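# coordinates only, sequence not included:
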């Protein structure tokens, strides 16, 4: 009796294995995973359209201080001199760039909305600190960071050359601040 009960269980196992093999074969031949209606594709919505890996130079300024970092094949270095940066600083630089690429503004204020108060009201005249990213010799983006909102979860940011003022999640600016702290050590 045990052998008749075991046979249908084995057949179900073999059938499942064949179905899985068929799915893997279809994926291998088509070159992609089958999509379902539940899959939501990630689309970066940040203020930096270029992929983070394309950024090869970052300039940070805070007050009168300025740091320049270059990405080489072996990692980030301080310029001039190509001195390698500590691992924690490299991580903060990479994270900061990624956040600029993927994090959409919470709100975008047109010039007509912020101009009556002026940039000083938002902590942007002068900015607390700035981050400029480059691809080769081409400047892609220069972001000025200002004051936080009263709840300390949002921060004002302005991109040089644009009229809009962005309200960003605080973690975007906090990542750049951590890079500044590491750079100052």
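That came through fine. Predicted model only: the values in this text are computed from it and were never measured.
# now do the phi/psi pair for the residue lying closest to residue 49 once chain neighbours are set aside.
Spatial nearest neighbour of residue 49, chain neighbours left out: residue 101 (7.7 Å); criterion: C-beta to C-beta, 6 or more residues apart in numbering. C-beta coordinates here come from the backbone N, C-alpha and C atoms, glycine included. For residue 101, the backbone dihedrals (degrees, to the nearest 10) come out as phi -80, psi -40.
# so what touches stretch 160-177?
In this structure, residues lying in contact with stretch 160-177 by C-beta atoms under 8 Å, 6 or more residues apart in numbering are 47, 60, 92, 95-96, 99-100, 103, 105-111, 113-114, 119, 122, 124, 129, 131, 142-145, 148-149, 152-159.
# for this structure, what are the low-confidence residue spans?
1-11, 31-40, 42 (pLDDT under 70).
# of the contacts of stretch 160-177, grab the buried ones for ChimeraX.
Written as a ChimeraX command, the selection of buried residues from the contacts of stretch 160-177, which uses 16 or more other C-beta atoms under 10 Å, is:
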select :47,60,92,95,96,99,100,103,105,109,114,119,122,124,129,131,142,143,144,145,148,154,155,156,157,158,159
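# in helices only, show me the contacts of stretch 160-177.
Under the assignment DSSP state H, the contacts of stretch 160-177 contribute 92, 95-96, 99-100, 111, 113-114 to helices.
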